[in-house]
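Participant: One predicted model, sequence on top.
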Amino acid sequence: MSTRELRLILLGPPGVGKGTQGRKLAQTFAIPEIATGDIFRNAMKARTPMGLAAKSYVDSGNLVPDDVTIGLVEERLAGSDAQRGFILDGFPRTAAQATALDALMHKSSQRLDAVIEINVQSPEVVRRLTGRRLCAICQTPYHNDSAPPAVPDVCDRCGGVLVVRSDDDEATVLTRLAEYERKTSPLISYYRAAGLLKVVDGNGDVEAVFRRILSAIQSPVSPVA
Ligand code: ADP
Ligand code: ZN
């Protein structure tokens, strides 16, 4: 565990492992992982007004409108647990979201430390997504081939039942990848220009990718003792 302040964005198409790595980073640095997709899915399950507003977009693989998403993240980042840092997984996903986050950081006198782009070839992404299952309760991801639970259909962490995400069918996966290419991938050059971008190879096992992320955020960003 580290007490270092850390403000990270995880960037990359659906299925590269942002959620898995985000959780590990959050645990290691004792800061929250803020995953907009998880927040939307929980709101949908609870049928809150935001969940109802997001549902048709999420289920079809399209992005939820910026005003809804930005409002949600602003509120979440104001939480007391997020003042020492955060891992953003799935936000920002559009230029407008990135601009809003910059404004928010400025207003609260905070700074992003790094943007980690996790890179995986796209056939591998489709394979990962279509075999994926999630714990219905704690959202931990599993994979039928590469990361099965110890007991079939049961979450290792909390005992919850594993489900297939409603947007992990092949057609919706293709829409999500197209949305990423069109609206989110331009953020790569945006953050490169800001001097924040670190590209990490997302192939290989979870631990190997995690080590690459740790070394990417360690040296040049801000030296830790
Ligand atoms: P993945 O990265 O695997 O596609 P997420 O769980 O991050 O999955 O997101 C699932 C869905 O939630 C997206 O397809 C989109 O509809 C919605 N969503 C999540 N984050 C955002 C965002 N920042 N802006 C707009 N929509 C979002
Ligand atoms: Zn669970």
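Facilitator: Noted; the coordinates are in hand. Ligands and ions are numbered 1, 2, ... in the order given.
Participant: Tell me which helix or strand comes right after the lowest-mean-pLDDT helix or strand in the chain.
Facilitator: Taking mean pLDDT, DSSP states H and E as the measure, helix 122-130 is the helix or strand of the chain with the lowest mean score, a mean of 85. Following helix 122-130 in sequence order, the next helix or strand is strand 132-135 (DSSP states H and E).
Participant: Which residues are in contact with the closest residue to residue 187 other than its chain neighbours?
Facilitator: For residue 187, ignoring the flanking residues on the chain, the nearest one in space by Cβ to Cβ, 6 or more residues apart in numbering is residue 98 at 5.5 Å. Using the backbone N, CA and C atoms, a C-beta is placed for each residue, glycine as well. Residues in contact with residue 98 (Cβ atoms under 8 Å, 6 or more residues apart in numbering) are 92, 187, 190-191.
Participant: Quick one: name the residues of the chain near ligand 2.
Facilitator: Residues of the chain found near ligand 2, taking Cβ under 5 Å from the ion as the criterion, are 135, 137-138, 140, 155, 157-158, 160.
Participant: In helices only, show me those residues.
Facilitator: Using DSSP state H, no member of those falls in helices.
Participant: In a markdown table: the residues you listed, plus neighbour count.
Facilitator: Formatted as a markdown table, the entries for the residues of the chain next to ligand 2 read as follows, by neighbours: other Cβ atoms under 10 Å:
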| residue | neighbour count |
| --- | --- |
| 135 | 20 |
| 137 | 14 |
| 138 | 14 |
| 140 | 19 |
| 155 | 21 |
| 157 | 12 |
| 158 | 12 |
| 160 | 17 |
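Participant: Right, I'll call it a day here.
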